[in-house]
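Asks: No letters, just coordinates:
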């Protein structure tokens, strides 16, 4: 029940295309859903996050779509750029922030082809 | 920009040896965490620490593991007798507050532990 399931494992997208990564959770006690971006040799960095009282959050080219009834959420990267090539983790936590125990998904390795 | 710093960046140790991984959290942060990431796998929570006590720990954090804040700046993870399966990237994180809205945990760059 603590798991966050993420797909796909890897994704190749052409420059300018839309990258979509999907996640699902089981524990309805989760109330904060962050996405992390990780470059090789670096720690995870918070990219964007959403709370379950909204269905969508957009920051620049990054959008989270959240479906509370289906217990699913997804990250959309519009106009994908080579600099977006990284591993992306969805996650979930309780307490409306990432400043608590974070349950990570398994990660998606995104490659943007020039 | 303040950041969480970890040392060493890479540690190689023999099986059965003790290792100490070190972290300097962001200076005004009060909550500290350790996570680990086995190569190619997801990031897993190990332990959270506040006010010189463990707040929460995972099943991974067994008696071989301990954490300590030996002084006002460092936060350490000790593995008493390392096993091959302890080989992973270990991330330290810190936050101003635990579970308060709009607070964020910041991660260090990690220590790659290789047990041979």
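Replies: Alright, I've got the coordinates. The structure displayed is predicted, hence computed values, not measured ones.

Asks: okay, CA-based contacts and neighbour counts for the rest of this
Replies: Fine.

Asks: separation between the residue nearest the centre of chain B and chain A?
Replies: Closest residue to the average C-alpha location of chain B: residue B:34 at 2.9 Å, with CA atoms, centre = their mean. Residue B:34 sits 10 Å away from chain A, going by CA to the nearest CA, to the nearest Å.

Asks: So for the helix or strand where that residue lies, mean pLDDT?
Replies: Assigned by DSSP states H and E, residue B:34 falls within strand B:31-37. Mean per-residue pLDDT for strand B:31-37: 94.

Asks: other SSEs contacting it?
Replies: Judged by 3 or more CA pairs under 8 Å, 6 or more residues apart in numbering or on different chains; DSSP states H and E, the packing partners of strand B:31-37 are strand B:43-50, strand B:88-95.

Asks: Tell me the helix or strand right after the first one.
Replies: For strand B:43-50, the succeeding helix or strand toward the C-terminus, using DSSP H and E, is strand B:53-57.

Asks: counting contacts, what elements does that next one pack onto?
Replies: strand B:43-50.

Asks: residues making contact with the strand it packs on?
Replies: Contact with strand B:43-50 is made by A:100-106, B:30-37, B:54-61, as judged by CA atoms under 8 Å, 6 or more residues apart in numbering or on different chains.

Asks: one more time with 6 Å, if that's ok
Replies: Residues outside strand B:43-50 that contact it (CA atoms under 6 Å, 6 or more residues apart in numbering or on different chains): A:104, B:31-37, B:54-58, B:61.

Asks: where does chain B have low pLDDT?
Replies: B:98-102 (pLDDT under 70).

Asks: Residue A:88 is in contact with residue A:110, isn't it?
Replies: No. With contacts counted by CA atoms under 6 Å, residue A:88 stays clear of residue A:110, the gap being 7.3 Å.
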